[in-house]
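> Have a look at this prediction, sequence included:
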Amino acid sequence: MNERRHFIKKAAGSLAALGGLSLLHRSGLAVATGEEEATIMDALPGKEALIKKTYRPPNYETPVNYFDAPFTPNNRFFVRYHNAVIPEVKAGEWRLRIGGDALRSPLELTLEQMRRDFKPVEIAALCLCSGNRRSFFEPKVPGIQWGSGAMGNARWRGVRLKDVLAAAGIGKSALEVSLDGADSGVLKTTPDFIKSLPLAKALDENTLIAFEMNGEPLPHWNGFPARLIIPGWTATYWMKHLTAVNVMSKAFDGFWMKTAYRIPKDRFTSGQFSSQETGSAMPITEMLVNSLITNVEDGQSLPANKAMEIKGVAWDGGNGIAQVEVSTNGGVTWHQATLKQDYGRFSWRQWHFSFEPKRLGAYLIMARATSQSGASQPLEPIPNPSGYHHNAVQKITIKLA
């Protein structure tokens, strides 16, 4: 715990150097988490108060209690950026450039043309940062120390990327499709945030260029006027403020593919992105099966001899959730929770479990999801240098008095 508090103090000092103190004075609000840490709450323009991790670039996570709803409100949706320069893009001035050496006829499209010329599609999908729950790894790993709120579930509406690419004509040599956005670094030496997709994923019917989120235009902080939606894959590929799509005959070798967002091949299943794999590492791609308790906090005290409901959400990379089990005695016995409405295989699935405590004292509550593929959550997270894919069974202690 002392090491944890030392880390937070050090992080707070770094944040203050970037303007964090002024934001703290402005919000004047701190929230205690289950680990008894001070968490700064602050609101970006157009957003309600979120949990601030960094201010420049802006990285804010959603308080877990907002995940009780099937879809995360736009003004409570988490914010994730690598670059600090984020221009205000006007819809009428926005252009999407489609090019690359493996494309037959380069295109430049306006927002109006995309809405008019291509079939609209809507899909419910979870947007989840690769480093969600990074702060729970022991020992600590570098990177933004996300809790459980670097994610959000939404209905996304736009057009299929494959339809746009078909209009330009894909050459036989096509291997990958790169994605670029309008944001940039403060320094010229900062690598541009460019990602790539294997051609098959770019042509998947569920991969969208989205303009709307939960029935409204995309918020500025979530990619206005258009962003990529890659259902089932972690959010590093969900390019915000999309400006360029390039079809390439060779594997993209930029920093954010070649060096960053990579995981050890000996600890995770490979095969999703073979053109970017090496002998020992591969890009992080699809999400792992996972779950989260949303209405009870670790260390919370509750009245005894009263029935209670434990609620949460569960998700995976697109196979769908088969079941969620809950234990109220630290894993000795497990009971099946009730799954709520299914909004599609890429959406999270809400669940609930009724619990009638019979005694006073502490209870160790655990939740475990299993996907339709048979994959289930491990009891311990899979260690990796960047703190990705934390999907261990959640453990929460509550006290009844």
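Alright, I've got the coordinates.

> what about the chain, any weak spots by pLDDT?
Within the chain, the set of residues satisfying pLDDT under 70 comprises 1-38.

> Show me where the protein has its helices.
Taking DSSP state H, the helices of the chain run over residues 2-17, 20-27, 111-117, 161-168, 199-202, 255-258.

> need the contact list for Y60.
42, 44, 47, 50-53, 78-79 (CB atoms under 8 Å, 6 or more residues apart in numbering). Every residue, glycine included, has its C-beta placed from N, CA and C.

> what about R104, how many neighbours?
Neighbour count of R104, defined by other CB atoms under 10 Å: 9.

> M151 touches N132, doesn't it?
Yes - judged on CB atoms under 8 Å, M151 makes contact with N132 at a distance of 5.5 Å.

> hang on, the earlier thing: pipe the contacts of Y60 into TSV and attach neighbour count and distance to L218 per row.
Shown next, in TSV, are those (neighbours: other CB atoms under 10 Å; distance: CB to CB, whole Å):
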residue	neighbour count	distance to L218
D42	19	21
L44	18	14
K47	22	13
L50	25	17
I51	21	21
K52	22	21
K53	23	21
F78	27	14
V79	23	12
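
> So what are the structural domains in the chain, by residue number?
2-71, 91-128+151-283, 290-400 (automatic domain parsing).

> want to throw those domains into TSV with distance to I144?
As requested, the domains of the chain are exported to TSV (distance: least, CB to CB, whole Å):
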stretch	distance to I144
domain 2-71	5
domain 91-128+151-283	13
domain 290-400	9
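
> right, and these - which one's nearest V141?
domain 290-400 (3.8 Å; CB to CB).

> mind checking the end-to-end distance for that closest one?
27 Å (CA to CA, to the nearest Å).

> mind checking how far the nearest residue to Q323 once chain neighbours are set aside is from G99?
Excluding the flanking residues, the one nearest Q323 by CB to CB, 6 or more residues apart in numbering is T370, at 5.1 Å. Separation of T370 from G99 (CB to CB, to the nearest Å) stands at 43 Å.

> So which of the contacts of Y60 belong to strands?
Members of these lying in strands (criterion: DSSP state E): 42, 50-53.

> between those, which is nearest T236?
K53 (16.1 Å).

> which ones are touching that closest one?
K53 touches 59-61, 144-146, counting by CB under 8 Å, 6+ apart.

> In a markdown table: these, plus distance to M366.
Output for those, formatted as a markdown table (distance: CB to CB, whole Å):
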| residue | distance to M366 |
| --- | --- |
| N59 | 29 |
| Y60 | 28 |
| E61 | 23 |
| I144 | 26 |
| Q145 | 23 |
| W146 | 21 |
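
> Report the distance from stretch 265-280 to the chain centre.
Relative to the centre of its chain, stretch 265-280 is centred 21 Å away, using CA atoms, centre = their mean, to the nearest Å.

> How about stretch 80-100?
For stretch 80-100, the distance to the chain centre is 20 Å (CA atoms, centre = their mean).

> start to end distance for it?
27 Å.

> Quick check: buried residues in it?
Burial within stretch 80-100, assessed by neighbour count using 16 or more other CB atoms under 10 Å, is assigned to 80-81, 83-84, 86, 89, 94, 96, 98-100.

> which two from the contacts of K53 end up farthest apart in space?
The widest separation within those (CB to CB) is 13.1 Å, between Y60 and Q145.

> Correct me if wrong: K311 contacts H352.
Yes - using CB under 8 Å, K311 is in contact with H352, at 4.7 Å.

> Which member of the contacts of Y60 is positioned nearest W348?
Nearest to W348 among the contacts of Y60, with distances taken as CB to CB, is F78, at 13.8 Å.

> ok, now which ones touch the closest one?
F78 makes contacts with 50, 60-62, 127, 129, 149-152, as judged by CB under 8 Å, 6+ apart.

> rewinding a little: could you check how many residues crowd around the residue nearest to Q323?
18.

> Now do it against E108, distance only.
T370 is 46 Å from E108, by CB to CB.

> can you check K140 too?
Note on K140: its distance to E108, by CB to CB, is 46 Å.

> wait, doesn't F224 sit right on H241?
Yes - in this structure F224 lies within contact range of H241 using CB under 8 Å: 7.0 Å.

> Can you check which residues contact both of those two?
With CB under 8 Å, 6+ apart, F224 and H241 have common neighbours V89.

> just to revisit the earlier point, would you mind confirming that the residue nearest to Q323 makes contact with L288?
No - the pair T370 and L288 fails to qualify as a contact (CB under 8 Å) at a distance of 11.9 Å.

> Give me the nearest residue to the residue positioned nearest the centre of the chain, chain neighbours excluded.
A centroid search over the chain (CA atoms, centre = their mean) returns L128, at 1.4 Å, as the residue closest to the centre. Distances taken as CB to CB, 6+ apart place M151 nearest to L128, at 4.0 Å, with adjacent residues excluded.

> Can you get me a residue count around that neighbour?
28.

> And for the one 4 residues further on?
If you count neighbours by other CB under 10 Å, R155 ends up with 18.

> Tell me how far it lies from S249.
35 Å.

> As a check, name the ranges of all strands in the stretch 251-400 of the chain.
Remark: strands assigned in the stretch 251-400 of the chain by DSSP state E, counting those that start in this stretch are 262-264, 281-283, 290-293, 301-302, 308-315, 321-327, 335-336, 338-339, 349-355, 361-371, 394-400.

> Pull up the pairing partners for the fourth one, direction included.
When you say that, I think you mean strand 301-302. strand 394-400 (parallel) (DSSP bridges).

> what's the closest residue to F255 other than its chain neighbours sitting at in phi/psi?
Excluding its sequence neighbours, the residue lying closest to F255 (CB to CB, 6+ apart) is P191, at 3.9 Å. Torsion angles at P191 (phi, psi; degrees, to the nearest 10) stand at phi -70, psi 130.
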